[in-house]
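[1] next one to model:
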Amino acid sequence: MKYVVCVPDGCADEPVDELGGRTPLEYARLPVLSSLAARATVGRARTIPAGLPPGSDVGNMAIFGYDPARYHTGRAPIEAAALHLDLTGRIAYRCNLVNVAADGTMVDFAGGHPDNDTAAEVIKALDAELGGEVSFHPGVQYRHIMLAPPTWAEADCHPPHDLTGQPALGPTGPAGARLQELMDRSKAVLSRFELDANQIWLWGQGPGPDMPRFADRFGLQGGLCTEVDLVRGLGVLAGLRITEVEGANAWYDTNYEGMRDAAIDGLRDGTDLWIVHIEASDEAGHAGNVEEKVKALENWDTRVLAGLVDALNGMGPWRMLLLPDHATPLRLKTHTPDPVPYLLFDSTVDGPGGCYTERDTAACTPVVAHELMAALLQR
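    As a prediction, this is how the structure comes out:
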């Protein structure tokens with residue numbers, strides 16, 4: 001038996017006026033997904049436990065089969081794991097390159113999506129000029145890491161993607177002043193580079209989590225392809241085989257076929273389970289871009305699921321779990337903790353069938369998302 005987990009990040013949504021009151025999942029042409037749903041078990045899953053922030057760190061940890069209420073220590077330490085940073089005696093902060101207007105409005109939490117090489121030069125300059133007690137480490141595009149002493153952990157920080165178009169509320173708490181000073185001092189460093197970002201934003205802090213390896217937990221070898229350090233970090237912590245895909249850039253023009261082929265090749269090479277995580281639908285939700293969110297879903301159907309299903313059928317029996325890590329409604333441009341639709345498909349046994357949309361699963365009692373991996377594997 002082969003197993004696949006598909007994560008179209010943030011694809012769940014609300015009815016959209018521009019789509020005639022339909023959600024992107026209802027509006028998009030998704031023939032492959034619809035055919036799977038017609039033979040699957042379809043329902044709703046609660047990926048965000050009560051009391052935890054509705055982020056991709058929490059949601060994807062649940063999808064990977066780990067209870068976030070037990071294992072989650074913060075977003076930044078997961079991304080630090082992707083960079084293989086040692087957190088012994090340190091904590092990690094997420095360090096975004098952002099654009100904040102002169103009046104204090106968060107203009108762009110992604111700093112214009114700088115290329116990796118330019119961003120790495122910016123982070124190098126930040127470390128040279130602001131480092132010492134803290135250190136800065138390059139990640140991908142606008143997403144980077146700052147390491148600090150544990151005494152810097154006591155701060156209340158706001159995710160920048162929750163502040164788009166709103167006042168950029170800085171950190172508070174015992175360490176808030178030190179963080180704000182670094183954020184303010186970063187403006188002079190970034191002013192020397194030709195990019196849309198004009199300062200850093202620090203948030204998502206925590207110590208390293210202690211997660212058991214996936215193989216020890218479920219008795220199978222797992223693999224992963226993703227475009228973002230956050231999900232890659234979860235893979236590192238879980239001991240998954242990770243494939244880097246050329247052209248996988250976490251944006252609308254990501255390499256969908258490359259992600260699909262990485263999963264197929266990994267499964268053919270003997271890996272039991274493969275997780276495919278693609279970011280584009282979430283980015284479109286944050287941007288409020290209706291057209292790109294619909295297009296991202298249709299790309300999933302034609303450029304990932306179609307070829308993936310054909311390949312899986314040639315490998316023997318297989319099972320699939322498909323769900324987003326959270327909702328990212330176009331109207332709100334940020335994440336919500338609302339339950340999301342899930343699909344559980346078995347090539348050998350027909351389920352009750354249904355439609356994979358928010359409306360069609362609204363009456364279903366939400367299941368706990370971190371238990372779905374065991375359901376997929378029938379453990």
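[2] not counting its neighbours along the chain, what's nearest Tyr356?
    Spatially, and ignoring its direct neighbours in sequence, Tyr356 is nearest to Ala37 (4.2 Å; Cβ to Cβ, 6 or more residues apart in numbering). Glycine gets a C-beta too; all of them are placed from N, C-alpha and C.
[3] give me the below-cutoff pLDDT ranges for this protein.
    Applying pLDDT under 70 to the chain flags no residue at all.
[4] counting contacts, what elements does whichever strand in it runs longest pack onto?
    For the chain, the longest strand by residue count, based on DSSP state E, is strand 91-100. Helices and strands touching strand 91-100, as assessed by 3 or more Cβ pairs under 8 Å, 6 or more residues apart in numbering; DSSP states H and E, comprise helix 76-82, strand 106-108, helix 116-130, strand 143-148, strand 199-206.
[5] just the helices in this protein please.
    24-27, 31-37, 56-63, 68-71, 76-82, 116-130, 176-190, 214-218, 229-238, 256-268, 280-287, 290-299, 306-313, 372-377 (DSSP state H).
[6] wait, which of those is closest to Val245?
    Minimum separation from Val245 across these (Cβ to Cβ) falls at helix 256-268, 4.1 Å.
[7] returning to what we had before: out of the helices and strands packed on strand 91-100, which comes closest to Asp325?
    That would be helix 76-82 among the helices and strands packed on strand 91-100, by Cβ to Cβ, at 12.5 Å.
[8] can I get that closest one in CSV? Just the C-alpha atoms.
    Taking Å, rounded to 0.1, in the frame of the first residue of the first chain, the C-alpha atoms of helix 76-82 are listed here in CSV:
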residue,chain,number,x,y,z
ALA,A,76,10.2,30.0,14.3
PRO,A,77,11.9,27.0,15.9
ILE,A,78,10.3,24.8,13.3
GLU,A,79,11.7,26.9,10.5
ALA,A,80,15.1,26.9,12.3
ALA,A,81,15.1,23.1,12.1
ALA,A,82,14.8,23.4,8.3
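[9] what lies in contact with that helix?
    57, 61, 87, 91-94, 137, 139, 143, 145-147, 203-209, 229-230, 232-237 (Cβ atoms under 8 Å, 6 or more residues apart in numbering).
[10] off-centre distance for it?
    12 Å (Cα atoms, centre = their mean, to the nearest Å).
[11] which ones are touching the most centrally placed residue in the chain?
    Geometric centre of the chain, nearest residue: Ser56, 4.1 Å, by Cα atoms, centre = their mean. By Cβ under 8 Å, 6+ apart, the residues touching Ser56 are 9-10, 75, 228, 230-231, 282, 325-326, 335.
[12] just to revisit the earlier point, okay if I get the helices and strands packed on strand 91-100 as a markdown table plus distance to Met1 and mean neighbour count?
    A markdown table is the format used below for these (distance: least, Cβ to Cβ, whole Å; neighbours: other Cβ atoms under 10 Å):
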| stretch | distance to Met1 | mean neighbour count |
| --- | --- | --- |
| helix 76-82 | 29 | 28 |
| strand 106-108 | 45 | 20 |
| helix 116-130 | 38 | 17 |
| strand 143-148 | 35 | 24 |
| strand 199-206 | 36 | 25 |
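[13] and the gap between the residue nearest to Leu344 when sequence neighbours are not counted and Ile48?
    With Cβ to Cβ, 6+ apart as the criterion, Leu344 has its nearest non-adjacent residue at 4.5 Å, and that residue is Thr41. Thr41 sits at a distance of 21 Å from Ile48 (criterion: Cβ to Cβ, to the nearest Å).
[14] when these two are compared, which one has more neighbours?
    Neighbours per residue, other Cβ atoms under 10 Å: of Thr41 and Ile48, the larger number sits with Ile48, 24 against 19.
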